[in-house]
Every structure is written in structure tokens, then in C-alpha cells.
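A.B. asks: Let's see this in three dimensions:
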Amino acid sequence: MEQQKLPEFISALQKTEAFDHPVENVTLIQTHISYVLVAGEYVYKFKKPVDFGFLDFTTLDKRAHFCRQELTLNRRLCPDIYLDLVTVTSENDAFRLNGGGSIHEYGIKMKRLPEERMMGRMIRNEQLKYHHLDAIVDTLVPFYNKADSSETVRSFGKAESVGINVLENFDQTAPFAGGDALTHDQFEVISSYAKKVLKNTTRFDRRVTDRRIRDCHGDLYSANICLDAPVHIFDCIEFNERFRFSDVAADVAFLAMDLDYHGLEEYSDYFLTTFKEASKDPDLWEHTGFYKCYRAYVRGKIGLFTAADPAVDKQTAKICTEQAKKYFTLAERYAREES
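C.D. replies: Down below sits the predicted model:
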């Protein structure tokens with residue numbers, strides 16, 4: 001597949017003179033839905049004009065709306081990091097940040113966090129300690145206690161609502177089954193297990209009654225955690241409420257799965273046990289296996305989507321495919337262990 005050219009405004013913003021603050025170099029990071037520019041002490045994030053069904057950024061107005069949502073929601077945990085809405089303007093065939101002329105694009109400006117304290121890097125450098133997980137729990141428990149648990153939010157904990165999130169993954173990845181990352185057998189094992197669990201509506205109803213369904217983070221894993229002081233948990237889901245309105249068990253299961261993915265099963269168990277005690281949630285373990293499987297499958301799906309993006313270079317596509325394969329293998333393991 002031929003690599004797609006970057007948007008002109010992204011190419012323009014890769015030049016250091018595009019910014020009104022000191023910048024020695026600009027680094028571009030891509031996901032399946034975003035362009036992220038790391039520039040000096042700040043980070044600028046722009047949404048790709050994509051429509052995956054579960055998100056729709058295809059118009060400028062929609063991207064502006066979700067940029068504002070991203071600022072508001074992430075300030076719940078990171079009020080000092082999410083700074084402002086920015087515009088990319090076009091005048092005399094030149095793109096500028098917050099300049100004159102017509103608005104070409106919207107984005108958000110964030111304070112750059114210390115890379116050496118990013119949880120993913122600390123895991124790779126074997127620097128993660130149990131006290132880091134304690135700090136994460138200490139941050140999360142009051143966050144969830146304060147989070148919205150209205151009737152509307154709680155309705156998303158019903159088996160039918162959870163099923164919409166879980167089952168759409170299989171619809172979206174069916175064309176990839178039998179490829180380099182996802183085998184037909186894995187697809188069948190994981191999807192059959194998920195459908196079986198979703199039939200037990202009582203287990204989901206009990207969590208709704210116990211008010212364990214909250215307006216959560218939605219994307220809680222090491223790539224979105226900085227272990228500085230205080231801990232920063234950033235980049236929550238802003239583009240679709242049904243991914244954020246969920247069982248708290250689904251949120252914390254994501255981080256537990258991520259620790260498993262990195263071969264840190266003891267840390268994963270410690271995190272869940274510590275959170276269970278701190279949050280006074282005696283039934284937590286009963287639900288985390290299912291949600292870990294779901295989260296691993298979602299990460300595999302995202303890897304497939306990113307690898308298939310024509311704007312992504314071949315090396316990145318290869319890495320994403322390899323990561324997706326590992327996630328699907330982990331999801332299969334959970335499904336077999338829980339069946």
C-alpha cells in the first residue's frame with residue numbers, strides 16, 4: 001500500500017519556526033485517529049478526519065467539538081496539563097497557529113510531561129515499583145468516587161449496552177481474521193467466550209445496582225500515565241460516551257491487562273488487589289477477566305487499524321501488526337482461562 005502524504009498543515013507545523021515558543025525540533029507521532037506534534041515544552045494534538053463508526057471526526061465542526069470535550073474531560077485528572085484550544089489558520093497560502101485568516105483546523109495544546117517518567121518507558125527500563133501502583137490507586141479511587149453515576153451513566157453497565165461495545169469489535173475485525181495478526185481460531189474462541197458471558201445478564205445488573213458504573217477514563221493503560229508527582233493520567237476517551245460510561249472494573253482491567261501484556265502479572269494482581277481493597281469493591285475480581293479480554297482485543301483492533309492507515313509508514317505498520325498479534329494472543333489466553 002502506497003503511503004499517503006501528510007496534510008499540508010501538519011507538514012508546515014513540523015518546522016520549528018511555526019511556534020511562538022522555543023523549539024529545537026518537532027517530533028510527529030501518529031495514531032489511528034490523531035497527529036501529535038511534540039514541540040519544545042508543549043504537545044499539540046490534532047484529530048484525523050476519520051470515521052470508524054464508533055467515532056466521527058469527518059467535519060471541522062466535529063473536530064472542534066471533540067477538542068473541547070477532550071480539554072474538559074481530561075482536566076478532571078490533569079487540570080495543569082490540558083492548557084487550551086488552538087487553531088491552525090490559513091492566510092496567503094501559509095499555515096499558522098492561532099494566526100489570522102480562515103480557520104483550517106482545531107487542536108489542543110498540552111504541557112509536555114517528563115518522558116523519563118512515562119509509565120511505558122519505566123516498564124521497559126524495569127523501573128516500575130509497587131509504590132507507583134499505590135500512587136495510581138490513590139489517584140483513581142477518589143476520581144471514581146466523584147465521577148457521575150447517574151441513571152443515564154448506569155444504563156451503560158447493562159449487558160445489552162456492554163454487548164454493543166464488545167460485539168462491534170468482532171464485526172470490525174472479521175475481515176482481518178486469518179491474516180498476520182489474528183487467526184480464525186482466535187477469532188472464534190474469543191468471540192464465543194464474550195457472547196457466552198454477555199448472556200449472563202444478572203452479573204451486569206448487580207454491578208448497576210451497586211453503582212459501580214461511572215463516567216470513567218476509558219483508556220487507562222501505561223501509555224496514558226506519567227508517574228511523576230503527582231501522578232498524571234491523561235488522554236481519556238472523549239469521542240464516544242459509551243466507551244467512557246462503564247463499569248469501573250472495565251477501566252482498571254485495562255491497566256491490569258497492560259501489565260500482563262508486558263509480562264508483569266504479579267504487578268497486575270497487586271494493582272487489582274490494592275484497588276479492590278481501597279475502593280471497597282469485593283466483587284471486582286469476578287469481572288476483571290472478562291474485561292481484560294475485551295481490552296486486549298480492542299488494543300489488537302487498534303493495531304490493525306493503525307497498520308492499515310495509508311498515512312502510516314511501513315515500519316510503523318509492521319510494528320503495529322506485531323503488537324496486534326501479541327494482544328490477540330493475550331485475549332485468547334484470557335478467554336480460555338475464563339471459559
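A.B. asks: And the strands in this structure?
C.D. replies: With strands called from DSSP state E, the chain shows them at 26-30, 34-39, 42-47, 82-91, 94-97, 102-111, 213-215, 225-226, 232-233, 245-247.
A.B. asks: Would you mind putting the ones you listed into a markdown table with mean pLDDT and distance to Asp20 alongside?
C.D. replies: C-betas here are computed from N, CA, C, even on glycine. Shown next, in a markdown table, are the strands of the chain (pLDDT from 0 to 100; distance: least, CB to CB, whole Å):
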| stretch | mean pLDDT | distance to Asp20 |
| --- | --- | --- |
| strand 26-30 | 94 | 14 |
| strand 34-39 | 97 | 11 |
| strand 42-47 | 98 | 10 |
| strand 82-91 | 95 | 11 |
| strand 94-97 | 91 | 7 |
| strand 102-111 | 97 | 11 |
| strand 213-215 | 98 | 35 |
| strand 225-226 | 98 | 25 |
| strand 232-233 | 98 | 25 |
| strand 245-247 | 98 | 38 |
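A.B. asks: any chance of the ones you listed in JSON lines, plus distance to Thr183?
C.D. replies: Formatted as JSON lines, these follow (distance: least, CB to CB, whole Å):
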{"stretch": "strand 26-30", "distance to Thr183": "27"}
{"stretch": "strand 34-39", "distance to Thr183": "29"}
{"stretch": "strand 42-47", "distance to Thr183": "33"}
{"stretch": "strand 82-91", "distance to Thr183": "40"}
{"stretch": "strand 94-97", "distance to Thr183": "45"}
{"stretch": "strand 102-111", "distance to Thr183": "39"}
{"stretch": "strand 213-215", "distance to Thr183": "34"}
{"stretch": "strand 225-226", "distance to Thr183": "31"}
{"stretch": "strand 232-233", "distance to Thr183": "34"}
{"stretch": "strand 245-247", "distance to Thr183": "28"}
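A.B. asks: how about CSV for these, with mean neighbour count added?
C.D. replies: Below are those laid out as CSV (neighbours: other CB atoms under 10 Å):
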stretch, mean neighbour count
strand 26-30, 14
strand 34-39, 19
strand 42-47, 21
strand 82-91, 17
strand 94-97, 18
strand 102-111, 18
strand 213-215, 25
strand 225-226, 25
strand 232-233, 23
strand 245-247, 26
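A.B. asks: Need phi/psi at the spatially most central residue of the chain.
C.D. replies: Here the mean C-alpha position of the chain is nearest to the C-alpha of Asp219 (CA atoms, centre = their mean), at a distance of 3.4 Å. When read as degrees, to the nearest 10, the backbone of Asp219 gives phi -140, psi 50.
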